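**Q** sequence-free structure coming up:
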């Protein structure tokens, strides 16, 4: 599921980078999507913008900081039954065909982490190339619900809380994740 999330995020990344994501500005939305910013702000109360003009990538500690977030959150989302990361017992079609569950093999987990880090580095204004597929293609017929997406976002926030990520950085990173909701959620 997260690999598909990342691929969909790639589409949003182009928009975010073009909109100046993480460029620091007072009234400009963090992600380029006011709705995503609003949802992120609700999750991270009390975040303040001190006018730091560094990119989100730099404020998160570059690739090592983003990798630490991804490493921690990967374990959380895979273990969280609310996310249903492996898509167990999900019908993929109207005739009752079951979606083939994701296998959390070491290779698949590593691939997921790689694409997640690549996507977040790029979306946060860092020097990366994204090698995953687009989000819509990756998540097609996974039948991800808003509740499952919300649970994953909560797990990402919990990882950032555990790692001591600042409120503004949490808000900005969650806003990026929120921009992918429309590309990932298929089932209300």
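**A** Nice, I can see it. It should be emphasised that the depicted structure is a prediction, and the values quoted were computed from it without experimental measurement.
**Q** for the protein, where's the lowest mean pLDDT among helices and strands?
**A** Among the secondary structure pieces of the chain, namely its helices and strands, helix 2-18 has the lowest mean (mean pLDDT, DSSP states H and E), a mean of 39.
**Q** okay, and for the protein, where does confidence drop off?
**A** Filtered on pLDDT under 70, the chain yields the residue ranges 1-51, 93-94, 188.
**Q** distance of the residue in it sticking out farthest from the centre from residue 187?
**A** Seen from the C-alpha centroid of the chain, the residue lying at the greatest distance (C-alpha atoms, centre = their mean) is residue 95, 30.8 Å away. Applying C-beta to C-beta, to the nearest Å, one obtains 16 Å for the distance of residue 95 from residue 187. Placement of C-beta: from N, CA and C, glycine included.
**Q** now swap in residue 165 and tell me
**A** When distances are taken as C-beta to C-beta, residue 165 and residue 187 turn out to be 30 Å apart.
**Q** ok, now residue 139?
**A** As judged by C-beta to C-beta, residue 139 and residue 187 stand 11 Å apart.
**Q** over to residue 176?
**A** Counting by C-beta to C-beta, the gap from residue 176 to residue 187 is 23 Å.
**Q** for those two, indicate the residue with more neighbours.
**A** residue 176 (27 against 12; other C-beta atoms under 10 Å).
**Q** that one contacts residue 122, correct?
**A** No - Residue 176 sits out of contact with residue 122 when judged by C-beta atoms under 8 Å, with a separation of 10.0 Å.
**Q** please identify the helix or strand for residue 75.
**A** If you go by DSSP states H and E, residue 75 is part of helix 62-79.
**Q** my bad, should have said residue 110
**A** Taking DSSP H and E as the definition, residue 110 sits inside helix 106-123.
**Q** so which elements touch whichever helix or strand comes after that helix?
**A** Remark: after helix 106-123, the chain's next helix or strand is helix 135-139, criterion DSSP H and E. Using 3 or more C-beta pairs under 8 Å, 6 or more residues apart in numbering; DSSP states H and E as the contact criterion, the elements in contact with helix 135-139 are helix 2-18, helix 181-184.
**Q** could you tell me the angle between the helix holding residue 110 and helix 62-79?
**A** The directions of helix 106-123 and helix 62-79 differ by 130 degrees, with axes from the mean of the first three to the mean of the last three C-alpha atoms, to 10 degrees as the criterion.
**Q** list the buried ones in helix 106-123?
**A** Neighbour counts using 16 or more other C-beta atoms under 10 Å place 109, 112-123 of helix 106-123 among the buried residues.
**Q** hmm, residue 187 is touching residue 144, no?
**A** Yes - under the criterion of C-beta under 8 Å, residue 187 is in contact with residue 144, at a separation of 6.7 Å.
**Q** quick one on the thing from earlier: elements contacting the helix holding residue 75?
**A** Applying 3+ C-beta pairs under 8 Å, 6+ apart, we find helix 62-79 packed against helix 106-123, helix 146-163.
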